[in-house]
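Enquirer: have a look at this prediction, sequence included:
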Amino acid sequence: MMFREMRRKKQALSREDCADILKRGTSGVLALAGDQDYPYAVPISYVYDGEKLYFHCAKSGHKLDAINRNAKASFCVIDQDEIVPEEYTSYFRSVIVFGTMRILTDEDEKRDAIDKLALKYAPNDTAENRGETIEREWKPLCMLEMHIDHMSGKEAIELAKKKLG
């Protein structure tokens, strides 16, 4: 499958930079093919394990309906958005991922994914408390996995120039 090349290659982020942004980010926007062919873009928390992205959601709703119709999705994380009024611009840095969504049904896969998410958002909590919280929320919990087919990142030309010195 071919993905578009970035027009402004000087502003492209490396795969490492993209991965770093995904690891430190706390939320992004998941875009799916929604009802009546309208795009459905929803802010959502996530975890990136270096290979795949994981999300949690309810066992029914717009996200699952969309994924069941079309598993292709994109996910965007904004790392920086610094407005520079005197230059009429913003110093931005962001990543977009294209991939395929999968609803996790295997109990072990689901447990592994929610453990990763819980560890990211409550790293200082005890393993026991994380486990109890997951157990309490287990029944209505649905976990989604995004297999990454393509990833690209871009930053403002001003930030790219700073790196080059």
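Expert: In hand now; what should we look at?

Enquirer: next, the residue lying closest to Glu87 once chain neighbours are set aside: phi, psi?
Expert: In this structure, Glu87 finds its nearest non-sequential neighbour in Glu158, 7.8 Å apart by C-beta to C-beta, 6 or more residues apart in numbering. C-beta coordinates here come from the backbone N, C-alpha and C atoms, glycine included. Main-chain dihedrals, Glu158, degrees, to the nearest 10: phi -60, psi -40.

Enquirer: Arg111 - how many residues pack around it?
Expert: Counted with other C-beta atoms under 10 Å, residues neighbouring Arg111 total 16.

Enquirer: and it, how far is that from Ile157?
Expert: For Arg111, the distance to Ile157 equals 44 Å [C-beta to C-beta, to the nearest Å].

Enquirer: list the contacts of the residue nearest to Glu87.
Expert: 84, 87, 89, 91 (C-beta atoms under 8 Å, 6 or more residues apart in numbering).

Enquirer: between those residues, identify the one with the most neighbours.
Expert: Of these, with other C-beta under 10 Å as the count, Tyr91 tops at 16 neighbours.

Enquirer: cool, thanks, talk later.
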